[in-house]
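Undergrad: let me see the structure of the following:
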Amino acid sequence: MKILYLTWLDPATTDYPLFLAQQWETMGHNVRLFPYDLEFSNRATERLDISLAWERPSLRSLLLKRQLDRVCQHLKPDVLLSGGFFLLPEDMHRLQKRHHFKLGYIIGYNHLMEGATVTALQAANFLIVHDSYLIPILRGTRYGKIPHVFFMPCMADPLEHHPLPLNGQDQQAYGGDIAFVGGHSENRISALRQLTRYDLRIWGPSSWKQFADLAPFHRSEPVYGLKKTKIYNAAKIVLNIEDNEKQINAISNRIPEVLACGGFVISDWRQDLADSPLQEGKSIVTFRTFPELEEKVAYYLSHPEERKRVSEEGRRIVLGSMTYAHIAPVLASQIADVVRGD
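TA: Take a look at the predicted model:
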């Protein structure tokens, strides 16, 4: 298949589209990544267009439509896969009518009530969701639902996420008792406030600084690539807390990524985690209440041998069933069925 993948590609924002595209290319598919947020050009006039467009949404949309049209003319994609709602539904429909591709969206978090999301989804040929909660809401043949809704569970890339030897400088910079990577939400703030007596490192956007009691624990550097892998290797505990307003059942790729690095994770309980190959107390540790979180953090910090046992089993399971090499072929097969009209 020829896949044009329009998505966010700033590595400090997300990196899974790159891993997914690389795996599909390894399988023999022709994948063209179209970065919505990292555009560049060697032509001065186009650089000026891009600079001005970021300040004016209407111009930004016009430029994006023009660029997509040009790429579609050259690539003639079977599929346009969009990692966000970057164009109005009617604009995407005109592109689809002109270039005859199948249109799919990846829904990374639950924002069905935002903007023109519902209208855009109804025009798609297929959807890929990260949260299983959305499947019965979106899949169907009546009431504006979509027959083809596919599930994308969390994944790791062992070439990126793996154990690393760390020197003393790395350990000091990226270690600590507890590492949290991500933005803020009400439930995340409440959870982290239970843990301020520990060596806590919060890696995320500068907006964390608005919370006076948590600001001293904030690390301002962007986290991606090798730095993220070092954090996952260095921290005694990597804490995963899903944003309650973004996810319901879903879990972050952070869980298999940390485990693939040989790290130890404590996560809030989610249904998709319970349905995954990971098992509570054997390959993953979860909590449902803040007192339980405090209890488990204290226990596992004082029992490094237990952390090692759980992380080793977690890594074995992730490498055996939770990588892009395992999951990307399933998604590609499902998309190919849509392209063929099966």
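
Undergrad: report the separation between residue 147 and residue 122.
TA: Distance of residue 147 to residue 122, computed by CB to CB, to the nearest Å: 12 Å. Glycine gets a C-beta too; all of them are placed from N, C-alpha and C.

Undergrad: can you check residue 288 too?
TA: 36 Å.

Undergrad: over to residue 179?
TA: For residue 179 relative to residue 122 (CB to CB), the value is 40 Å.

Undergrad: between those two, who's got more neighbours?
TA: residue 179 (25 against 12; other CB atoms under 10 Å).

Undergrad: quick one: contacts for that one?
TA: Each residue near residue 179 by CB atoms under 8 Å, 6 or more residues apart in numbering is listed here: 201, 203, 231, 232, 234, 235, 237, 238, 239.

Undergrad: ok, now with 6 Å
TA: Contact analysis of residue 179 by CB atoms under 6 Å, 6 or more residues apart in numbering lists 201, 231, 235, 238.

Undergrad: quick one: which of these sit in strands?
TA: Taking DSSP state E as the definition of strands, the contacts of residue 179 contribute 201, 238.

Undergrad: closest to residue 63 out of the contacts of residue 179?
TA: residue 231 (36.2 Å; CB to CB).

Undergrad: and which of the contacts of residue 179 is nearest to residue 139?
TA: Nearest member of those to residue 139, counting by CB to CB, is residue 238, at 33.1 Å.

Undergrad: what about the closest residue to that closest one other than its chain neighbours, is that helix, strand or coil?
TA: In space, and not counting its chain neighbours, residue 238 is closest to residue 258: 4.6 Å by CB to CB, 6 or more residues apart in numbering. Here residue 258 is recorded as helix under DSSP: H, G, I helix; E, B strand; the rest coil.

Undergrad: my guess is residue 258 contacts residue 267, does it?
TA: No: Residue 258 is beyond contact range of residue 267, at 9.4 Å (criterion: CB atoms under 6 Å).

Undergrad: pick out whichever of these two has more residues nearby.
TA: For residue 258 versus residue 267, neighbours defined as other CB under 10 Å are more numerous around residue 258 (33 against 22).

Undergrad: local confidence estimate at the more buried one?
TA: Note on residue 258: pLDDT of 98.

Undergrad: ok, and the closest non-adjacent residue to residue 228?
TA: Counting by CB to CB, 6+ apart, the residue nearest residue 228 is residue 181, at 7.0 Å.

Undergrad: distance of that neighbour relative to residue 263?
TA: For residue 181, the distance to residue 263 - CB to CB - is 11 Å.

Undergrad: more crowded one of these two?
TA: Counted by other CB under 10 Å, residue 181 and residue 263 do not tie: residue 263 has more neighbours, with 26 against 22.

Undergrad: now the more buried one: how far from residue 284?
TA: 12 Å.

Undergrad: same question for residue 179.
TA: 16 Å.

Undergrad: one more: residue 183?
TA: 22 Å.

Undergrad: more neighbours, these two?
TA: residue 284 (28 against 11).

Undergrad: the more buried one reaches residue 278, doesn't it?
TA: Yes: with contact defined as CB under 6 Å, residue 284 counts as touching residue 278 (4.1 Å).

Undergrad: off-centre distance for the one helix or strand residue 285 maps to?
TA: For residue 285, the host element (DSSP states H and E) is strand 285-287. Its chain's C-alpha centre and that of strand 285-287 lie 21 Å apart, by CA atoms, centre = their mean, to the nearest Å.

Undergrad: so for whichever helix or strand comes after that strand, mean pLDDT?
TA: Downstream of strand 285-287, the next assigned helix or strand under DSSP H and E is helix 290-301. Averaged over helix 290-301, pLDDT sits at 98.
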